[in-house]
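Visitor: Need the 3D shape of this:
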Amino acid sequence: MKTALRKSMFLALLIIILITAYVIVRTLTFAVDVDNGTLLPKPIKVQQLPSDQNEPVLLDKLTRAIQIKTISSLPDTQIKADAFSQFTSFLKTEFPVVFSTLDVQFFNEHSLLIKWVGINPSLKPALFLAHSDVVPIQDNEKSKWKHPPFSGAIAEDYIWGRGTLDDKASLLAQLEAIESLLKSNFKPQRSLYFAFGHDEEVGGELGAITMANHFADNKISFEFLVDEGMVITDGIVPHITNRIAHIGPGEKGYLSLKLVVESQGGHSSKPPELTASGRIARAIYRIQSEPFDIDLTYSAEFVRHLGTKMPFTQRMIMANQWLFKPIADTLIPPIPELLASLRTTTAPTMLSGSNKDNVLATEASAIINFRILPSDSIDFVIQETRRKIKDEQVRIEIYGKPSEPSKISDTDSSGYKIIKQSIKEGIPNEAITVAPMLVIAATDARHYSHLTDQSYRFSPITITKENKDGFHGINERISQKSYLEAIRIYQRLFINSGSLIH
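Guide: Next up, the predicted model:
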């Protein structure tokens, strides 16, 4: 009996040792610093922007662009036509070489498509995106801005205003880079396209979707594309001291569901057991109390590329999902930005009921917004919502225009490597880390997904803890250094993208 017990204990100990060794080995081999090298070992030299002499001019142009109120908003897809016409005139004046040299088309008056014809027509072109529209300022926000939201104020080493992060800085920086390259007589091997939509914030129907259809109708496809979505972070990722350039190889899907409950209404002094508003509230509670499962797949790639810079524990979890996935909820810190990349998120955003405090609602409703992981789908989210609510009196409707999660582009592709190399060339004297990360918001890139297998989301602007909440938020601002750096990175990106790749 004792001998059998000893054998069992020995086998159990051996299994534990083997599992521990396996976990450690997988962690050490998983967490390597990924560097796929460069594609273009001899960078092409051109006159690089910005120089000390023209920095004030470049900053002033962005300031004046921010002052033009190119606002788009829902629910009726309002577009301020006069402002967009003013913005177009501004671009034509400030970038005369672009508009006089390159092939320029307008779609639905305000979306801009620029074609820079390459020397070698056998090469597939590359596509670069941005958008000129910005979200509106809510009435209760205006007094909370340190500098007026459309002032374009230059203060405290920042440029302040709506659009500095999303997305006029990217649009202006791209045009500055193109203008400088044209003046340097740079000629790309492959054709480069630039598609600047004017309604990204309300779905892109007049801009991105129309231009994507134009490409499809003319049988134009792309080697790769680059849009907004991810940025360079400084001091945001815990335990990492150097800056990280996050490249988005894909984005989550978008779905809003409207929950509706109808009732007879009546006086609040004699309510039923459960009012329409109460039934909606219960439905929201049930949905939120059962979040979608965590999926570590997409964050694991981010950790893998960061390699040994990440703490051992985090690397161990990502490298051994087969072991830790069942208890991931207890191991992952409750940081909203982190959790958003790990699961399909659920966010109640709009509520409606009675318009008087003593009247029962005849109809109560709520809007729930979901951002869907690539491993899930719109149909799956709707089915899960019905299951969680468990109430046939709650009607579920699709609200707005949903989009499925995007496909995930390869991080070992030419497009990804070109972006990575361009970042390092644009910031030559700094050990910046480049890593892929799933984009949790929606971008225009999703409308072009049928035109390329390589779709990446990256704007070369740096955000810190101080300005990271500026996207669609109060006190949106970009540092002067970051904007000037973005111009340099775009310049290298267009050079490298337009060069012949073997």
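
Visitor: Where does the prediction get shaky in the chain?
Guide: 1-2, 31-53, 74-78, 333-335, 500-502 (pLDDT under 70).

Visitor: Skipping adjacent residues, who's closest to the residue nearest the centre of the chain in space?
Guide: Compute the mean C-alpha point of the chain, and by C-alpha atoms, centre = their mean the closest residue is G229, 2.5 Å away. Distance criterion C-beta to C-beta, 6 or more residues apart in numbering; nearest residue to G229, sequence neighbours excluded, is R457 at 2.5 Å. Just so you know, the C-beta spots here come from the backbone N, C-alpha and C atoms, and that holds for glycine as well.

Visitor: Got phi/psi on the one you found?
Guide: When read as degrees, to the nearest 10, the backbone of R457 gives phi -120, psi 110.

Visitor: what's the answer for K468, then?
Guide: Residue torsions, per degrees, to the nearest 10, at K468 are phi -70, psi -20.

Visitor: Report the secondary structure state of the residue nearest to the centre of the chain.
Guide: G229 falls in the coil class when you classify it by DSSP: H, G, I helix; E, B strand; the rest coil.

Visitor: now the helices: where do they sit in the stretch 251-400 of the chain?
Guide: 276-288, 297-306, 312-319, 321-324, 328-331, 336-340, 378-389 (DSSP state H, counting those that start in this stretch).

Visitor: closest one to D412 among the ones you listed?
Guide: Closest approach to D412 among the helices of the stretch 251-400 of the chain is made by helix 297-306 (11.2 Å; C-beta to C-beta).

Visitor: ok, residues contacting that closest one?
Guide: With contact meaning C-beta atoms under 8 Å, 6 or more residues apart in numbering, helix 297-306 is reached by 30-32, 34, 237, 240, 244, 246, 249-250, 310, 314-315, 318-319, 321, 338, 341-342, 373-375, 408, 411, 433-438.

Visitor: Could I get the CA-only coordinates of it as CSV?
Guide: Listed next in CSV are the C-alpha coordinates belonging to helix 297-306 (Å, rounded to 0.1, in the frame of the first residue of the first chain):
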residue,chain,number,x,y,z
THR,A,297,-5.6,35.6,-29.0
TYR,A,298,-5.3,39.2,-30.1
SER,A,299,-3.5,40.5,-27.0
ALA,A,300,-1.1,37.6,-27.1
GLU,A,301,0.5,38.9,-30.4
PHE,A,302,1.0,42.3,-28.8
VAL,A,303,2.8,40.7,-25.8
ARG,A,304,4.8,38.5,-28.1
HIS,A,305,6.2,41.4,-30.1
LEU,A,306,7.0,43.3,-26.9
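
Visitor: Run the chain-centre distance for it.
Guide: 17 Å (C-alpha atoms, centre = their mean, to the nearest Å).

Visitor: what about R457, how many residues close to it?
Guide: By the criterion of other C-beta atoms under 10 Å, R457 has 29 neighbours.

Visitor: mind checking how far it is from S449?
Guide: Here the criterion is C-beta to C-beta, to the nearest Å. By it, R457 lies 11 Å from S449.

Visitor: Check L338 too.
Guide: 26 Å.

Visitor: quick one: which of those two has more around it?
Guide: More neighbours surround S449 than the other of L338 and S449, with 18 against 13 (other C-beta under 10 Å).

Visitor: so what's that one up against?
Guide: So S449 contacts S406, K407, S455 (C-beta under 8 Å, 6+ apart).

Visitor: The spatially closest residue to the first one that is not a sequence neighbour: neighbouring residues, count only.
Guide: In other words, S406. Of all residues not flanking S406 in the chain, G250 sits nearest, at 4.5 Å (C-beta to C-beta, 6+ apart). Other residues near G250 number 23, with proximity taken as other C-beta under 10 Å.

Visitor: And the top helix by length along the chain, how far out from the chain middle?
Guide: Taking DSSP state H as the criterion, the chain has its longest helix at helix 2-30. Relative to its chain's centre, helix 2-30 lies at 43 Å (C-alpha atoms, centre = their mean).

Visitor: ditto for stretch 458-470
Guide: Counting by C-alpha atoms, centre = their mean, stretch 458-470 comes out at 12 Å from the chain centroid.

Visitor: go on, stretch 247-261?
Guide: That offset, for stretch 247-261, works out to 13 Å (C-alpha atoms, centre = their mean).

Visitor: G400: neighbouring residues, count only.
Guide: G400: 16 neighbours (other C-beta under 10 Å).

Visitor: My error: substitute G473 in the last question.
Guide: 15.

Visitor: With the one 5 residues further on instead?
Guide: I478 is flanked by 27 other residues according to other C-beta under 10 Å.

Visitor: Apart from its neighbours in sequence, what residue is nearest it?
Guide: I478's closest residue in space is T164 (C-beta to C-beta, 6+ apart), at 4.2 Å.

Visitor: residues touching the one you found, list them.
Guide: So T164 contacts L62, I66, Y158, G470, E476, R477, I478, Y483 (C-beta under 8 Å, 6+ apart).

Visitor: Now go through those and say which are in helices.
Guide: Going by DSSP H, the helices hold L62, I66, Y483 from those.

Visitor: Serialize these to JSON lines and add fields for neighbour count.
Guide: Listed next are those as JSON lines, based on neighbours: other C-beta atoms under 10 Å:
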{"residue": "L62", "neighbour count": "26"}
{"residue": "I66", "neighbour count": "27"}
{"residue": "Y483", "neighbour count": "25"}
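
Visitor: Please dump the residues you listed into a markdown table; it should also carry distance to Y193 for every row.
Guide: As requested, the ones in helices among the contacts of T164 are exported to a markdown table (distance: C-beta to C-beta, whole Å):
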| residue | distance to Y193 |
| --- | --- |
| L62 | 23 |
| I66 | 26 |
| Y483 | 23 |
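
Visitor: which one among those residues gets closest to A283?
Guide: I66 (41.4 Å).

Visitor: was I right about that closest one contacting L165?
Guide: No: counting by C-beta atoms under 8 Å, I66 stays clear of L165, with 10.7 Å between them.

Visitor: and the contacts of T164, which two are the farthest apart?
Guide: L62 and G470 (14.7 Å).

Visitor: count of neighbours near E404?
Guide: 17.

Visitor: who's in contact with the nearest residue to it once chain neighbours are set aside?
Guide: Of all residues not flanking E404 in the chain, G253 sits nearest, at 4.9 Å (C-beta to C-beta, 6+ apart). G253 makes contact with 370-374, 376-378, 402-406 under the criterion C-beta under 8 Å, 6+ apart.

Visitor: which among the residues you listed end up buried?
Guide: 370-374, 376-378, 402-406 (16 or more other C-beta atoms under 10 Å).
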